[in-house]
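Undergrad: Quick one, structure for this:
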Amino acid sequence: MAIFGAHVLVACIVACAGLLWLRSRSSSKEMRDIPGTMGWPVIGETFSFISDFSSPAGILSFMRDRQKRFGKVFKTYVLGRITVFMTGREAAKILLSGKDGVVSLNLFYTGKQVLGPTSLLTTNGEEHKKLRRLIGEPLSIDALKKHFDFINELAVQTLETWLGRRVLVLEEASSFTLKVIANMLVSLEPEGEEQEKFRANFKVISSSFASLPLKVPGTAFHRGLKARNRMYAMLDSVISRRREGGEVRGDFLQTLLRKHAGDDADKLTDAQLKDNILTLLVAGHDTTTAGLTWLVKFLGENPEVLEKLREEHLQIRERLNGTSHLGWSDVNNMPYTNKVMNETLRRATILPWFSRKAAQDFSIDGYDIKKGTSVNLDVVSIHHDPAVFADPGRFHPDRFDVSLVSGRQIS
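TA: A predicted model of the protein is given here:
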């Protein structure tokens, strides 16, 4: 019986993949004038895409190879979706500004299902603008200042535990980042049983984003949805206590509840609160974790940069009479640290592409993009363009001493 069930599951997967491919072939006819290749039947160029993405050169090698063959705008079929990749200033202006509603956000099915229908990343148009307005203030610099002491203290405590032991940087960065974001959003304590449950559920949720969209027990997607429901149950109890006035904190959730308490037009529902808390967790955790991990790697590979960075912080510590208790004014007085961070974001390109969907027909570089087309901004090529960043493969923070030519980095 188990073998029969496995055969049925495999057959369903193959059938779905075949349908996706057939659908993509019909869509590709509308893009016949756009250069590129659809690759092999069913899988397209997915294997090449994943292989290059996992290589030391990263996805840049995939992009450069096709740009040499097809130009700055090309089509391909990867990860079950036909898409058009584009790079350069004009592409960045169109795809990132969203001006005049030309493009909208474009998550994969699994991401939409996990984040929920009221997430900032799954809504478009006026609803998206409303959500951005409502949740924007609690994410401002002024709001961040309130949490600075907590972040600084946790960073010091975390680094002190690194002394004399082997450190798995990615795991440490992930744990630190999640503790910070969870505390900022819902005042979750960095240690204890609730934190462990929260982290366990979050790890399962994160792993489900790159899974096959099969709501079948035992699959990563099904486990992710179950973990999300468990996390939402935790948030339900927190939101309920806050609404009833039984608990008051100085976090993101409390700010939203207080700000819109008497305004029915702008009042966020519990579903909207939960979907967007999860959205901020996912978006903030993955990018910050990756950034911290790359930072440690680059500093380890460039001892002269590490030494200059250490000198700047020793000078700050001297001004603080040997303590590690930074103030917000100290953060604004770290010019070399700021350059190191900018160079890390450029070299690593944490988000190598931004995925959008054409909400209307538009043209770029002489090519017509039809409404409904999946379009991706190739950011990694912008960050490694020698016309903008001399010797782009070198980790060189001092490049930010001078003004960059048009087409700067996208962080």
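Undergrad: Grab the nearest non-local neighbour of residue 66.
TA: Once flanking residues are discounted, residue 66 sits nearest to residue 74: 5.0 Å by Cβ to Cβ, 6 or more residues apart in numbering. Where you see a C-beta, it was placed from the backbone N, CA and C, and this is true even at glycine.
Undergrad: where does the one you found land in three-state SS?
TA: Following DSSP: H, G, I helix; E, B strand; the rest coil, the label given to residue 74 is strand.
Undergrad: start the count at 38, not 1, going forward
TA: All right, first residue 38 from here; so that's residue 111.
Undergrad: any idea how far it is from residue 390?
TA: Applying Cβ to Cβ, to the nearest Å, the value for residue 111 to residue 390 is 13 Å.
Undergrad: which residues are common contacts for those two?
TA: residue 122 (Cβ atoms under 8 Å, 6 or more residues apart in numbering).
Undergrad: who's in contact with the residue nearest to residue 143 when sequence neighbours are not counted?
TA: Nearest-residue entry for residue 143: residue 394, 3.9 Å, with adjacent residues in sequence omitted and distances by Cβ to Cβ, 6+ apart. Neighbouring residues of residue 394 by Cβ under 8 Å, 6+ apart: 140-143, 409-412.
Undergrad: between the residues you listed, which is closest to residue 368?
TA: residue 142 (31.3 Å; Cβ to Cβ).
Undergrad: Does that closest one touch residue 396 like I think?
TA: No. The pair residue 142 / residue 396 is not scored as a contact, 9.9 Å apart, by Cβ atoms under 8 Å.
Undergrad: okay, now residue 167: neighbour count?
TA: Residue 167 is flanked by 16 other residues according to other Cβ atoms under 10 Å.
Undergrad: Surely it is in a helix?
TA: Yes. Membership of residue 167 in a helix is supported by three-state DSSP.
Undergrad: Quick one, grab the pLDDT at it.
TA: Reading off the confidence values, residue 167 has pLDDT 85.
Undergrad: again, but for the one 10 residues further on
TA: Per-residue confidence (pLDDT) for residue 177: 80.
Undergrad: So residue 412 belongs to a strand, correct?
TA: Yes. Counting by three-state DSSP, residue 412 falls inside a strand.
Undergrad: Let me know how buried residue 125 is, in neighbour terms.
TA: Residues near residue 125, counting by other Cβ under 10 Å: 17.
Undergrad: shouldn't it be in contact with residue 419?
TA: Yes. Between residue 125 and residue 419 a contact is recorded at 7.1 Å, counting by Cβ under 8 Å.
Undergrad: Where do the domain boundaries of the chain fall?
TA: Per automatic domain parsing, the domain ranges recorded for the chain read 39-145+392-438, 165-324.
Undergrad: Now tell me which of the ones you listed the model trusts least on average.
TA: Of all the domains of the chain, domain 39-145+392-438 carries the lowest average pLDDT, namely a mean of 83.
Undergrad: how many other residues sit next to the closest residue to residue 361 other than its chain neighbours?
TA: Of all residues not flanking residue 361 in the chain, residue 193 sits nearest, at 5.1 Å (Cβ to Cβ, 6+ apart). Neighbour count of residue 193, defined by other Cβ under 10 Å: 12.
Undergrad: Distance check, residue 193 against residue 187.
TA: Residue 193 is 11 Å from residue 187, by Cβ to Cβ.
Undergrad: all strands of the protein, in order?
TA: 110-115, 118-123, 140-142, 390-395, 399-401, 404-406, 411-415 (DSSP state E).
Undergrad: Which neighbours in the sheet does the fourth one have, and how are they oriented?
TA: For strand 390-395, the pairing partners within the sheet under DSSP bridges are strand 140-142 (antiparallel), strand 411-415 (antiparallel).
Undergrad: Of those, which is nearest residue 434?
TA: Across those, closest to residue 434 is strand 411-415 (Cβ to Cβ), at 24.0 Å.
Undergrad: For the closest one, give me every contacting residue.
TA: Against strand 411-415 from outside (Cβ under 8 Å, 6+ apart): 100, 118-124, 128-129, 132-133, 140, 143, 389-395, 406, 447.
Undergrad: OK, contacts around residue 154?
TA: Neighbour list for residue 154: 160, 312 [criterion: Cβ under 8 Å, 6+ apart].
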